[in-house]
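**Q** Dropping a prediction and its sequence here:
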Amino acid sequence: MPGIWVYAEVSSDGKIEAGALENLTKARELGSEVSAVALGPGSSQAAAQAGEFGAATLFASDDSIYTDFIAQPAAFALHELVKEHQPELILFSPTYDSRDVAGRLQARTGSTLMSNATDILGPDYAQTQILGGSQIVDVTLFGPDPKLLIVRPKSFEAQPAEGGAAATVVPVEVSVPDDCKKAKRVQRHEQAAAGPKMEEAKVVISGGRGLQDPANFKLLEEMASAIPGAAVGASRAVVDAGWVPYAMQIGQTGKTVSPEVYIAVGISGATQHLVGMKSSKRIIAINKDKDAPIFQYADLGIVGDALQILPRITEAINARKG
Ligand SMILES: Cc1cc2nc3c(=O)[nH]c(=O)nc-3n(C[C@H](O)[C@H](O)[C@H](O)COP(=O)(O)OP(=O)(O)OC[C@H]3O[C@@H](n4cnc5c(N)ncnc54)[C@H](O)[C@@H]3O)c2cc1C
């Protein structure tokens, strides 16, 4: 059954991760037969949602081996499925676990793995951005199938298919050998988060060293709570300084976001930060230095002291809401 597969992380209550829904939408548009692969508790409950977003088949196993051990069992099982069904292309989200599985699968298949794809033009043809996002390049993927693509978040909008029936569940019955159980997950820590997930938020308001004190992050939180669907992010400088958790970091060594509006507050605009937010639809920068590099990328720039400006913007938003 050749076609395009989407590797889908699924929560224990059967919900498919946002990036996989985006990838399913794109796979469907490419016109091939689409299948999803979900491994771990909750997977077989994802059939309705997988079908809604275009998958005809869901290869699923609810075995906790796939969540108890890191990536190796999933890569092994996925390879077994690949050998049997021979898909042309597999799409992955850039979550930590999916990236890990993609890399390990590539080592098994010897096929081409491309990361940071921003568009998919065919089963062996994709696009990405280079030079800090200033140029888009077309990439032909050579080598044996399946080609493996790690797709940048928000490259596509997740859209349900009209009348998509539940995917047919094909149970994954793979016996995972002991040498794939070397890295056991001993603890799972859920970062408590109020509001939407940063990668899914429509508006991301990020703070940098220009906020001057960790306590001033509350100005960003107040602004975010005034805007429906807004989340708060950060530059690495303030994460490294221990002001906010790593989960909030945006950039090369943090998360990539692509919201409708990105608001950079007291962030200089280092390349390593820009690569994580440059594809946002609109960028607003607040910085007291009129020559800060971030202004070169901003649709709207406000030169001034963020500590003075933020409360006034929040007040104005709240006043408009009446
Ligand atoms: C390998 C590597 C990976 C990296 N990965 C990342 C990454 O993932 N994400 C990331 O962000 N960085 C990353 N960095 C670090 C990056 O190079 C920058 O050092 C960092 O982004 C700077 O953070 P910042 O803009 O908050 O701080 P600064 O560069 O110090 O900028 C602070 C800004 O605040 C402004 N400011 C000061 N006071 C005020 C005020 N009162 N009101 C308004 N503006 C004010 C200043 O004018 C300045 O522009 C990485 C670096 C390396 C080497």
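**A** On my side now, so go ahead.
**Q** Now name the helix or strand holding the nearest residue to residue 198 once chain neighbours are set aside.
**A** Nearest residue to residue 198, sequence neighbours excluded (C-beta to C-beta, 6 or more residues apart in numbering): residue 231, at 4.5 Å. All C-beta spots, glycine's among them, are computed from the backbone N, C-alpha and C. Using DSSP states H and E, residue 231 maps to strand 230-234.
**Q** contacts for the next helix or strand after that strand?
**A** Once the chain leaves strand 230-234, the next helix or strand it forms, by DSSP H and E, is helix 236-240. Contacts with helix 236-240, where a contact means C-beta atoms under 8 Å, 6 or more residues apart in numbering, come from 207-209, 211, 214, 244-246, 248-249, 251, 253-254, 272-273.
**Q** hang on, the earlier thing: show me how far the strand holding residue 231 is from its chain's centre.
**A** Centroid separation for strand 230-234 versus its chain: 15 Å, with C-alpha atoms, centre = their mean, to the nearest Å.
**Q** how about it, does it get close to the ligand?
**A** No - judged by C-beta under 6 Å from any ligand atom, strand 230-234 makes no contact with the ligand; its nearest approach is 7.5 Å.
**Q** so what secondary structure elements neighbour that strand?
**A** Using 3 or more C-beta pairs under 8 Å, 6 or more residues apart in numbering; DSSP states H and E, the elements in contact with strand 230-234 are strand 203-207, helix 217-226.
**Q** looking at the ones you listed, which is buried most?
**A** Most buried of these by mean neighbour count (mean count of other C-beta atoms under 10 Å) is strand 203-207; its value is a mean of 27.
**Q** pLDDT on that strand, on average?
**A** In this model, strand 203-207 carries a mean pLDDT of 98.
**Q** what about that strand, near the ligand?
**A** No - Strand 203-207 does not reach the ligand (C-beta under 6 Å from any ligand atom); its nearest approach is 7.5 Å.
**Q** for residue 304, what are its contacts?
**A** When contacts are taken as C-beta under 8 Å, 6+ apart, residue 304 is in contact with 286, 288.
**Q** So it versus the ligand, what's the distance?
**A** Distance of residue 304 to the ligand, given as C-beta to the nearest ligand atom, to the nearest Å: 7 Å.
**Q** Equivalent analysis for residue 39, please.
**A** On the measure of C-beta to the nearest ligand atom, residue 39 and the ligand end up 29 Å apart.
**Q** For that residue, what are phi and psi?
**A** phi -130, psi 130 (degrees, to the nearest 10).
**Q** Residue ranges in the stretch 201-322 of the chain under the pLDDT threshold?
**A** Of all residues in the stretch 201-322 of the chain, none has pLDDT under 70.
**Q** Now do the same contact list for residue 182.
**A** 69, 72.
**Q** What about residue 144, how many residues nearby?
**A** 10 (other C-beta atoms under 10 Å).
**Q** Secondary structure class of residue 37, three-state.
**A** The three-state assignment at residue 37 reads strand, by DSSP: H, G, I helix; E, B strand; the rest coil.
**Q** Relative to residue 155, which of the helices and strands packed on strand 230-234 is closest?
**A** For the helices and strands packed on strand 230-234, proximity to residue 155 was assessed by C-beta to C-beta; strand 203-207 is nearest, at 16.5 Å.
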